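Asker: here you go, sequence then predicted model.
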Amino acid sequence: MASSTPAGNGTPPAPRPAALRRVVAASLIGTTIEWYDYFLYGSAAALVFGRVFFPEADPLTGTLLSFLTYAIGFAARPLGALVFGHYGDRIGRKKLLVLSLLLMGGATALIGCVPSYASIGVAAPVLLTFLRLVQGFALGGEWGGAVLLVSEHGDPKRRGFWASWPQGGAPAGNLLAVGVLDLMTFVQSDEQFLAWGWRVPFLFSAVLVMVGLWIRLAVDESPVFKEALARAEARKAVQQEAEQPPLLAVLRHHWREVLVAMGARMAENISYYVLTTFVLAYCVGHLGLDKQTALNAVLIASAVQFALIPLFGALSDRVGRKPVYLVGAAGVGVWAWVFFGLLDTESFPAILLAITVGLVFHSAMYAPQAAFFSEMFATRMRYSGASIGAQFASVAAGAPAPLIATALLKDYGSSTPISLYVTVAAVITLVAVLCARETRGRDLADPEQQPREEKTPSGV
């Protein structure tokens, strides 16, 4: 067993491979469950919520209203980032991850119990919206803690690879959510699915949460955080002054990094929700295809993405975070103009190709993002900084993406404005990432967290 490094004297000892794999598994399974809960809502909003909770509106308007409740959940994500980030930087990553899992799972299971509009009237969408806010609050705190727990445990030379595994929770969660919905639509008639079948995947969340808690409670706190906490307490004892709150420290020392993270999220977040959520409404509501055609395409594409994320994470360890991220941003900006043309063929192979290639480019951004954002911030403000940058961007990016795409389709009857919307987001991300420093190889245990000027192999 490696000897312990004294506090303040460099990088803590690397964990044993078995311990690291346990941390990675706990983060991956936990994020998969949380994203399952979150994406389940988005898929249901595209397929069923308009008819269950907004039955008096025409179909496209009902879908628009469903996506509005979907978007409202994003409004709570910055609040979750602030609260979880503050306490995660003060008391540790692990405790907050357990709390986020409980909040998300409880809210999702309760969504499966909300009566329809026909039963209790306007109270139904009000309850639905409240539970969506709880989901958003929980997810706002989940992402930062999960990726940091792995980033701060892992080997710096392979941080991109290891930290990308919690990112795999997003496609895995979407895969699970779409798969369960796909199964329910396969074994039930449309009437049964609309009446009660859609509730089963939400109630199933309670079982998944128990599994996630069992695994998460078994992992250790981040060694990098424990050493930083010890340094802070020693400094406080000598200087007799309180440590600055993490949020204020982030805004003082890392405001540029927060802006970079927000810009980097624009293309990644917008493209993902167009590719996986709006596509369901487009195929079923606009093209008139059956639910299973769209669900099966997203299902297969999500499986491909899950396999690709660790590969792109490993690639970022070799060539740098920025080059991989830039390829993904440029790719989704161009692919947006091909994507809808393939969907409009109404051919399953073409639809599958459209979604899969889009998610390949998305993976090139999403995979290195965990390590990239973690390496931007100092340890005692890392949870706050990474979470704030990621979740504040989601309000402007992922939250309105299906809503804006649906509204553009409703107003113009064409996918061209939607393609332009995704391309503009890609340009914003390209500018943000080009303005960032390369972070590959940075020592997360460095007390000063001084940026290391490093030229990437691409010259970016």
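Answerer: That came in fine, so what should we check first? Numbers count the residues shown, from 1 in each chain.

Asker: report the central residue of this structure.
Answerer: The C-alpha lying nearest the average C-alpha coordinate of the chain belongs to A170 (Cα atoms, centre = their mean; 5.9 Å).

Asker: show the contacting residues for it.
Answerer: T31, W35, F39, Y272, Y366 (Cβ atoms under 8 Å, 6 or more residues apart in numbering). The way it works is simple: take the backbone N, C-alpha and C, and place the C-beta from them, glycine included.

Asker: now, those residues that are in helices?
Answerer: Counting by DSSP state H, the part of those found in helices is T31, W35, F39, Y272, Y366.

Asker: ok, now how distant is the last one from A163?
Answerer: Distance, Y366 to A163, using Cβ to Cβ, to the nearest Å: 11 Å.

Asker: and those two? which has more neighbours close in?
Answerer: Using other Cβ atoms under 10 Å as the criterion, Y366 and A163 rank with A163 on top: 32 against 27.

Asker: quick one: the helices in the stretch 301-450 of the chain?
Answerer: With DSSP state H, counting those that start in this stretch as the definition, the stretch 301-450 of the chain shows helices at residue ranges 321-343, 348-374, 382-396, 401-412, 416-435.

Asker: looking at those, which is nearest to A44?
Answerer: helix 401-412 (12.4 Å; Cβ to Cβ).

Asker: just the helices of the stretch 301-450 of the chain: most buried one?
Answerer: Among the helices of the stretch 301-450 of the chain, the stretch with the highest mean neighbour count (mean count of other Cβ atoms under 10 Å) is helix 382-396, at a mean of 27.

Asker: report pLDDT for Q449.
Answerer: For Q449, the model assigns a pLDDT of 49.

Asker: so A314 touches F161, yeah?
Answerer: Yes: contact criterion Cβ atoms under 8 Å: A314 and F161 qualify, at 4.2 Å.

Asker: more neighbours: those two, which one.
Answerer: Set A314 next to F161 and count neighbours by other Cβ under 10 Å: F161 wins out with 24 against 17.

Asker: now do the same for the residue lying closest to A396 once chain neighbours are set aside: helix, strand or coil?
Answerer: Spatial nearest neighbour of A396, chain neighbours left out: M266 (7.4 Å); criterion: Cβ to Cβ, 6 or more residues apart in numbering. Three-state call for M266 (DSSP: H, G, I helix; E, B strand; the rest coil): helix.

Asker: identify the residues contacting M266.
Answerer: When contacts are counted by Cβ under 8 Å, 6+ apart, M266 touches A393, A396, A397, A425, A426, I428, T429, A432.

Asker: if we only consider those residues, which is nearest to E191?
Answerer: Closest approach between the contacts of M266 and E191, by Cβ to Cβ: A397, at 36.5 Å.

Asker: OK, contacts around that closest one?
Answerer: With Cβ under 8 Å, 6+ apart, A397 has these contacts: R265, M266, E268, N269, I270, A425.
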